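J.: Build the 3D model from these lines:
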Amino acid sequence: MESGHDHEVTATAQHRRRLIVVLVITCAVLIAEVIGGLIAGSLALLADAGHVLTDSTGLIMALIAASLATRAATAKRTFGLQRAEVLAALANALLLVGVAVWVLIKAFDRLGSPHEIDAPLMLVVAIVGALANLAGLLVLRPAQSKSLNMRGAYLEVFGDLVGSIAVIIAAVLILITGWTPFDAIASLAIVVLIIPRAWSLLREVVDVLLEATPRGVDLAEVRDHIKQVRGVVDVHDLHAWTITSGVPVVSAHVIVDNVCISEGRAGEVLDRLGECLGGHFDVSHCTFQLEPVGHQEHEAAHHA
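T.: Numbering: from 1, shown residues only. The predicted model follows:
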């Protein structure tokens, strides 16, 4: 028996307009940094542009995934394409790692053979990029806690802002000292920003794909709440996982007393169970198998 049949609109889909606005801002920063980096000869600007490129790609993937995730479920895909958002986040994390490796190689090459750099142009482009990234952060901030992709986008734009600040500092130091390797050092600083964020996003994606218990959900607490429902004797085979951001799922085998079954109160128990998980744990999709006392002995190997 099942509670919460209707599939919710995914969190990313709810904030699609924010993604579009930030995508426009990010693409403008990308163009400015590529042109500015090539003219000024700044690897730091190009490194930040590479980072911004992954942001743009990630935002595009998130938008496509959000669109796919709204498609109706079918007999072959009973949850529709909601997990497309998670796959988009995975691709984005891997892209971040690739950019970090490229920048790392180029930065060490620049440290060995410094290049001439137009520091004033480098500074102007970095300031423009920082202001644009700040605007993007303000757009994404209200939605960053609602979805893996929204959080990924927020963290990436935040990283871009810090990266732009690193480029600004490098440009100022080059103007003051004339020592151009500051540009390569700023590039390495951007790599340091990219790797931890990519790892964090990748770890969350893996948790979803491995159907780990959602963060913040204590199964022991869930079990206690279920057992407090009138008529419930025990619960086993309790599972909780995430289909995609904002769509947690719970299933369980619930043992009810024989009096409850004989009096036809199974439907009442099911309603209370749905209210329990929906109200206390914000889980709208719950599947329960109601069983009489003693039925568990006839089942194959089961989980606690």
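J.: Let's verify H239: helix, strand, or coil?
T.: Three-state call for H239 (DSSP: H, G, I helix; E, B strand; the rest coil): strand.
J.: where are the low-confidence patches of the stretch 51-200 of the chain?
T.: Across the stretch 51-200 of the chain, the ranges flagged by pLDDT under 70 are 62, 65-71, 78-80, 82, 145-149.
J.: Strands of that one, start to end?
T.: Taking DSSP state E, counting those that start in this stretch, the stretch 51-200 of the chain contains no strands at all.
J.: What's the separation between R18 and G163?
T.: Look at R18 and G163: by CB to CB, to the nearest Å, they are 21 Å apart. All C-beta atoms are positioned from the backbone trio N, CA, C, and that covers glycine.
J.: Pick out whichever of the two has more residues nearby.
T.: Neighbour count, other CB atoms under 10 Å: between R18 and G163, G163 has more, with 30 against 21.
J.: For the more buried one, which residues are in contact?
T.: A47, D48, H51, A189, I190, L193 (CB atoms under 8 Å, 6 or more residues apart in numbering).
J.: Output those in TSV; the columns should cover neighbour count.
T.: Below are the contacts of G163 laid out as TSV (neighbours: other CB atoms under 10 Å):
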residue	neighbour count
A47	31
D48	34
H51	26
A189	20
I190	26
L193	21
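J.: Now the two most distant members of those.
T.: The largest separation in the contacts of G163, counting by CB to CB, is between H51 and A189 at 11.4 Å.
J.: wait, which of the contacts of G163 is closest to F108?
T.: Distances from F108 to the contacts of G163, taken by CB to CB, are shortest for A47, at 12.4 Å.
J.: Can I take it that the closest one is in a helix?
T.: Yes. Under three-state DSSP, A47 falls within a helix.
J.: Could you check how far it is from P248?
T.: 38 Å.
J.: Likewise for Q144?
T.: Counting by CB to CB - Q144 and P248 are separated by 18 Å.
J.: what comes up buried for stretch 211-228?
T.: T213, P214, V217, V222, R223, H225, I226 (16 or more other CB atoms under 10 Å).
J.: Tell me which two of the residues you listed sit farthest apart.
T.: Largest pairwise distance in those, by CB to CB, is 16.5 Å, between P214 and I226.
J.: Settle it for me: which of Q144 and P248 has more neighbours?
T.: P248 (22 against 18).
J.: which phi and psi does that one have?
T.: Main-chain dihedrals, P248, degrees, to the nearest 10: phi -80, psi 150.
J.: For it, list each beta-bridge partner.
T.: T242 (DSSP bridges).
J.: pLDDT score for it?
T.: Listed pLDDT for P248 reads 80.
J.: Now do the contacts for the closest residue in space to E211 that isn't next to it in sequence.
T.: Leaving aside its sequence neighbours, E211 sits nearest to W241 (CB to CB, 6 or more residues apart in numbering; 3.8 Å). W241 makes contacts with V208, E211, A212, T213, P214, P248, V249, as judged by CB under 8 Å, 6+ apart.
J.: what's the neighbour count on the residue nearest to I168 when sequence neighbours are not counted?
T.: The spatially closest residue to I168, leaving aside those adjacent along the chain, is A126, at 4.5 Å (CB to CB, 6+ apart). Neighbours of A126 under the rule other CB under 10 Å: 30.
J.: what does L138 give?
T.: With other CB under 10 Å as criterion, L138 counts 11.
J.: what does D257 give?
T.: Neighbours around D257, by other CB under 10 Å: 16.
J.: mind checking how far it is from I127?
T.: Taking CB to CB, one finds D257 at 70 Å from I127.
J.: What are the boundaries of the helices in the stretch 201-304 of the chain?
T.: 219-227, 258-262, 266-281 (DSSP state H, counting those that start in this stretch).
J.: Report the angle between the last one and helix 219-227.
T.: If you take axes from the mean of the first three to the mean of the last three CA atoms, to 10 degrees, helix 266-281 sits at 140 degrees to helix 219-227.
J.: That concludes my questions; thank you for your assistance.
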